[in-house]
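J.: Everything below, folded, please.
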Amino acid sequence: MRSLEALSTVALLGGCASSPIDFNSDAGTAIATGGAGGSFAGSGGIFAATGGTKAGATAGGAAQGGSATGGAATGGATTGAATGGAATGGATTGAATGGQPAGGGSAITGPCDIYAAASPATLCVGAYSTTRILRGAYSGALYQVRKGGNALGTGGTVQDIGVVAGTGFADGAAQDTFCGTSTCTISLLYDQSGRGNDLKVAPAGCYTGTASEPDYESNAKTKSVNISGHKVYALYMIPHDGYRNNTPSGMPTGSAAQGIYEVADGTRTGTAAGTACCWDFGNASTNNCNQGTMNALFFGTGYWGKGAGSGPWFLADLEGGVWAGGTGASNVQNPNLPSSNVPFAFGILKTNSSNYAIRVGNAQSGSLTTGYDGGLPKTLNHPGGIILGIGGDNSNSSQGTFFEGAITAGQPSDATDALVFANVQAAKYGQ
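T.: All right, here's what the predicted structure looks like:
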């Protein structure tokens, strides 16, 4: 999360520096191709990669053997296909329905169904969205809003926001009716995995400044988008907003394998894209302090690792630094990790005891790019808490816009990644 490489210039005291440290790639050392523990294969174009990865050669970032028809990619040895977002074949053979009933049926296939159907299965243990259903069997509300209360999470009246019947997409009109002209915040993000790992406003952490204070609930009305013709709302987070669960069930701990995917807004540039610590989603401490390592997906333009272009980038927050790839220090540049400066950016971080991979794409079109797939810079020892929008010690100086994401127990395959990516594209964000 914070960069330990800065200790010679800034005393970090368990948190991030209060002002950005410029670990510019011009002053550092670029990560070398062919380095220990894995190499960066490909060129650094936006959402385009050429060259080898751990799983084999790629072209344009699509998994070998995969195809893309109508803008929805499928990959690897998986046999299903997505054509213009309309699924064929069912989730077990690679269908991507994007949360909509397919072929006139009533079934909804979401990313968690794809993870569950993989062999071996990598089950969702935390799945959150303010926009759509992520697991077909889930029948509860997506999130809860608070009207007229305190942003610290007290008072007012609350209401659950579910989906429009038969669609799988959030009922934005229900939020509009309930909130009216009043102030409304998002008070709960319901876990769709079946584990009950709901997220609520985060308590005070161990670092200084606002991180030592309880966090705020995010304004529920700031950002609306269309998804398959439905008006829905995003989780639009500003500094001091944060969500957490310190007692979840089923989360990977220690060095156990894990996967994370996320869809976020990559057009909130500058400070809004997360130049400070730390707009994270993933696995962190269970005591609001630094505890072991982290295993979280960072999104922003921070002052640690960097990719190609000007950002923002999806990076790996493993505590004591935020990595764009490689096995060494975090304050280096990976030219093969593209910027994700698109309205609906898609990112993946997946790990096991010896390896991590960062994969990115555009949730509206195109294919996945593998920015890094190789050795770890440190031994993982993740504690098993869940955070969104903050660091492990509640560092809450960053911000971002969250649409959906999930955490899995186990490291998904590249082929499964491609199917989840296709499912997200088939949901038709921005349409």
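J.: Report the beta-bridge partner residues of the closest residue to residue 388 other than its chain neighbours.
T.: Counting by CB to CB, 6 or more residues apart in numbering, residue 243 is the residue found nearest to residue 388 once chain neighbours are left out, at 4.4 Å. In short, each C-beta sits where N, CA and C put it, glycine included. Beta-bridge pairing of residue 243 under DSSP bridges involves residue 201, residue 388.
J.: residue contacts, residue 243?
T.: 189, 199, 200, 201, 202, 215, 387, 388, 389, 390 (CB atoms under 8 Å, 6 or more residues apart in numbering).
J.: By neighbours, which of those residues wins?
T.: When these are compared by neighbour count (other CB atoms under 10 Å), residue 390 ends up highest, at 31 neighbours.
J.: Checking that residue next. Helix, strand or coil?
T.: Classification of residue 390 using DSSP: H, G, I helix; E, B strand; the rest coil returns coil.
J.: What sits closest to it if chain neighbours are left out?
T.: Nearest residue to residue 390, sequence neighbours excluded (CB to CB, 6+ apart): residue 242, at 3.7 Å.
J.: How many neighbouring residues does that neighbour have?
T.: Neighbours of residue 242 (other CB under 10 Å): 29.
J.: Ok, the one 10 residues further on next?
T.: When neighbours are defined as other CB under 10 Å, residue 252 has 22 of them.
J.: now residue 119
T.: Each residue near residue 119 was counted by other CB under 10 Å, and the total is 9.
J.: That one and residue 410, how far apart?
T.: Distance of residue 119 to residue 410, computed by CB to CB, to the nearest Å: 11 Å.
J.: Could you check how far the residue nearest to residue 390 is from residue 187?
T.: Residue 242 is 13 Å from residue 187, by CB to CB.
J.: Mind listing the shared neighbours of those two?
T.: residue 201.
J.: Need the three-state assignment for the nearest residue to residue 285 once chain neighbours are set aside.
T.: Residue nearest to residue 285 in three dimensions, not counting chain neighbours: residue 291, with 3.6 Å by CB to CB, 6+ apart. The three-state assignment at residue 291 reads coil, by three-state DSSP.
J.: if I pick residue 291, what's in contact with it?
T.: Residue 291 sits next to 284, 285, 383, 392 when contact means CB under 8 Å, 6+ apart.
J.: Please work out how many residues are found near the closest residue to residue 344 other than its chain neighbours.
T.: Nearest non-adjacent residue to residue 344, counting by CB to CB, 6+ apart: residue 363, 3.8 Å away. The tally of other residues near residue 363 (other CB under 10 Å) stands at 25.
J.: how far away is residue 363 from residue 414?
T.: For residue 363, the distance to residue 414 equals 18 Å [CB to CB].
J.: Then residue 199?
T.: Residue 199 is 28 Å from residue 414, by CB to CB.
J.: got the buried residues for whatever helix or strand residue 175 lives in?
T.: Element membership for residue 175 (DSSP states H and E) is helix 172-179. Residues of helix 172-179 classed as buried by neighbour count (16 or more other CB atoms under 10 Å): 172, 174, 175, 178, 179.
J.: With adjacent residues omitted, what lies nearest to the second one?
T.: Translated: residue 174. Per CB to CB, 6+ apart, closest to residue 174 is residue 161, 5.7 Å.
J.: Go ahead and confirm the one you found touches residue 173.
T.: No: taking contacts as CB atoms under 8 Å, residue 161 lies outside contact range of residue 173: 9.8 Å.
J.: for the most centrally placed residue in the chain, what are its contacts?
T.: Closest residue to the average C-alpha location of the chain: residue 262 at 2.6 Å, with CA atoms, centre = their mean. Residue 262 makes contacts with 281, 297, 299, 314, 346, 347, 348, 402, 404, 405, as judged by CB under 8 Å, 6+ apart.
J.: and it, helix, strand or coil?
T.: Residue 262 is classified as strand under three-state DSSP.
J.: So residue 391 sits against residue 280, correct?
T.: Yes: with contact defined as CB under 8 Å, residue 391 counts as touching residue 280 (5.9 Å).
J.: Which neighbouring elements make contact with the helix holding residue 175?
T.: On a contact count with 3 or more CB pairs under 8 Å, 6 or more residues apart in numbering; DSSP states H and E, helix 172-179 meets strand 143-147, strand 157-161, strand 230-233.
J.: So, low pLDDT: which residues of the stretch 1-150 of the chain?
T.: 1-106 (pLDDT under 70).
J.: Can you get me a residue count around the closest residue to residue 183 other than its chain neighbours?
T.: Take residue 183 and drop its neighbours on the chain: the residue closest to it by CB to CB, 6+ apart is residue 148, 6.5 Å away. As a burial measure, residue 148 scores 12 neighbours (other CB under 10 Å).
J.: What distance do you get for residue 148 to residue 114?
T.: Distance from residue 148 to residue 114, by CB to CB: 39 Å.
J.: Kindly report the same for residue 399.
T.: The gap separating residue 399 from residue 114 is 30 Å, by CB to CB.
J.: what does residue 411 give?
T.: Taking CB to CB, one finds residue 411 at 14 Å from residue 114.
J.: ok, these two, which is more surrounded?
T.: With neighbours defined as other CB under 10 Å, residue 411 and residue 114 compare such that residue 114 has more, 29 against 20.
J.: Got phi/psi on that one?
T.: phi -70, psi -40 (degrees, to the nearest 10).
J.: got the residue ranges for the strands in the stretch 301-431 of the chain?
T.: 313-317, 322-323, 345-351, 355-362, 365-375, 385-388, 400-409 (DSSP state E, counting those that start in this stretch).
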